[in-house]
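need a structure here:
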Amino acid sequence: MNKLGLPISPLVAVVGPTASGKSALGVALAQHLGGEIVTCDSTQLYRRVNIGTAKPTVRERADIAHHLIDVLDPWEVATAGEYRDLAAAVLGEMRERGVLPIFTAGTGLYLRALLEGLADLPLRSEELRARLRESVRKHGPARLHRVLKRMDREAAEKIAPTDEQKLIRAIEVCVLAGRPISEVHRTGRTPLPGWRAVKVGLMPERELLYERIDARTLCMLESGWLDEVRGLLSSGISEHAKIFDFIGYREILAVLRGKIAIAEARAAIVLATRHYAKRQMTWFRKDASIRWFAGVGDDVGVQGEILQWVRGRVESGG
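Predicted coordinates:
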């Protein structure tokens with residue numbers, strides 16, 4: 001029991017860089033431990049963006065239930081706080097059924113928001129946001145990234161130079177709070193009550209990870225990624241929608257607009273994905289509670305090693 005009188009239940013969190021096999025490992029753990037998957041990925045929340053988000057297919061989800069996939073429309077904007085509310089509701093339902101939650105987490109901020117809580121962030125300033133959006137229109141988001149780097153280097157290292165919405169919010173908080181957003185995030189959090197996290201991390205060798213990123217990007221393109229984006233645009237979804245901030249979707253949009261060739265887009269997607277993987281590892285390495293394992297999550301030997309370790313922590317309560 002915790003201080004609120006709630007029983008403490010285990011949940012498993014599988015973390016690691018993109019293309020490291022988190023989804024495959026999560027399914028393997030769920031099959032052996034009687035669990036279900038809860039996705040912790042800021043892109044897989046969205047409907048109709050399937051190929052470029054590496055979303056598990058309907059067939060892959062047939063045997064093991066997956067939660068928090070396809071819960072938002074492409075024009076909606078997700079926040080860490082909203083993710084926490086959605087995940088908390090799923091956890092409550094899973095506790096009632098006695099099911100082990102297994103999070104496959106690529107978005108470190110969302111996982112931290114769920115487990116550690118969120119800081120009390122300042123309200124929005126539409127006037128400031130309008131000025132920042134105008135700056136993006138004139139100069140591109142890279143200028144905002146440089147501004148944020150001067151205001152809060154730690155926050156800037158965690159946000160891609162192309163992520164307009166996160167850059168605007170980070171600068172907005174810095175200005176309204178009068179202090180770095182990274183400092184704000186470290187204060188005033190309320191941890192998730194009633195749950196004990198067992199965290200495992202995948203750490204493949206860099207060259208292997210890069211090979212997997214290259215191969216996956218090619219497979220995505222050959223599986224109809226361009227057609228998926230064409231369909232989104234033809235259905236009336238604005239190219240300014242949140243989904244076009246996602247890696248790959250912005251590059252393919254540029255291809256369809258005749259701005260770059262497909263070979264150039266592929267190279268840019270691979271490079272952006274590698275940079276994203278590096279940022280993910282920088283984030284997760286700061287968490288001393290993660291037990292790291294070498295290799296990739298679809299390796300049967302790695303799965304067995306991790307299963308043994310996780311089972312011991314889940315069943316022992318430690």
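
now the strands for this structure?
Secondary structure of the chain by DSSP state E: the strands cover 9-15, 35-40, 66-67, 100-105, 195-203, 291-294.

give the contact list for the residue nearest to G21 when sequence neighbours are not counted.
Nearest-residue entry for G21: G297, 2.8 Å, with adjacent residues in sequence omitted and distances by Cβ to Cβ, 6 or more residues apart in numbering. The C-beta positions use only the backbone N, C-alpha and C, and glycine is treated the same way. Each residue near G297 by Cβ atoms under 8 Å, 6 or more residues apart in numbering is listed here: 14, 16, 20-26, 28, 202, 303.

separation between the most centrally placed residue in the chain and R137?
Central residue of the chain (Cα atoms, centre = their mean): T107, 2.5 Å from the mean position. T107 is 27 Å from R137, where distance means Cβ to Cβ, to the nearest Å.

about what we covered before: the strands of the chain into TSV, with extra columns for mean neighbour count, mean pLDDT and distance to V184?
Output for the strands of the chain, formatted as TSV (neighbours: other Cβ atoms under 10 Å; pLDDT from 0 to 100; distance: least, Cβ to Cβ, whole Å):
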stretch	mean neighbour count	mean pLDDT	distance to V184
strand 9-15	24	98	23
strand 35-40	24	98	22
strand 66-67	21	98	29
strand 100-105	24	98	22
strand 195-203	21	98	23
strand 291-294	14	98	29
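
now for those, which one comes closest to A215?
strand 195-203 (16.8 Å; Cβ to Cβ).

angle of the closest one against strand 9-15?
Angle, strand 195-203 to strand 9-15, by axes from the mean of the first three to the mean of the last three Cα atoms, to 10 degrees: 20 degrees.

for the closest residue to T39 other than its chain neighbours, grab phi and psi.
Computed as Cβ to Cβ, 6+ apart, the closest residue to T39 that is not its neighbour in sequence is L68, at 4.8 Å. In terms of degrees, to the nearest 10, the main-chain angles of L68 are phi 60, psi 40.

separation between the closest residue in space to T282 that isn't next to it in sequence and R131?
In space, and not counting its chain neighbours, T282 is closest to E157: 6.9 Å by Cβ to Cβ, 6+ apart. Using Cβ to Cβ, we find E157 at a distance of 24 Å from R131.

which stretches of the stretch 151-300 of the chain form helices?
Applying DSSP state H, counting those that start in this stretch to the stretch 151-300 of the chain gives helices spanning 153-158, 164-177, 181-185, 206-222, 225-234, 249-256, 262-284, 300-316.

ignoring the adjacent residues along the chain, who's closest to the residue nearest to the centre of the chain?
Distance criterion Cβ to Cβ, 6+ apart; nearest residue to T107, sequence neighbours excluded, is S42 at 4.5 Å.

also A156?
Closest to A156 by Cβ to Cβ, 6+ apart is K149, at 4.0 Å.

do A254 as well
I260 (4.8 Å).

now do M203
Using Cβ to Cβ, 6+ apart and skipping residues adjacent in sequence, the residue nearest M203 is W292, 4.9 Å away.

gap between the residue nearest to T282 and K278?
Using Cβ to Cβ, E157 is found at 10 Å from K278.

in contact with L253, which residues?
Counting by Cβ under 8 Å, 6+ apart, L253 makes contact with 229, 233, 239, 244.

count the neighbours of the second one for me.
What it means is L233. 15 (other Cβ atoms under 10 Å).

check contacts around it.
Contacts for L233 (Cβ under 8 Å, 6+ apart) come out as 239, 253, 256.

just the closest of those residues to T190, please.
Comparing the contacts of L233 against T190 with Cβ to Cβ places E239 closest, at 38.1 Å.

contacts for the helix or strand of the chain with the lowest mean pLDDT?
Every helix and strand of the chain was ranked by mean pLDDT, DSSP states H and E. The lowest is helix 181-185, at a mean of 85. Helix 181-185 is touched from outside by 118-119, 121-122, 152, 154-155, 170, 173-174, 177, with contacts defined as Cβ under 8 Å, 6+ apart.
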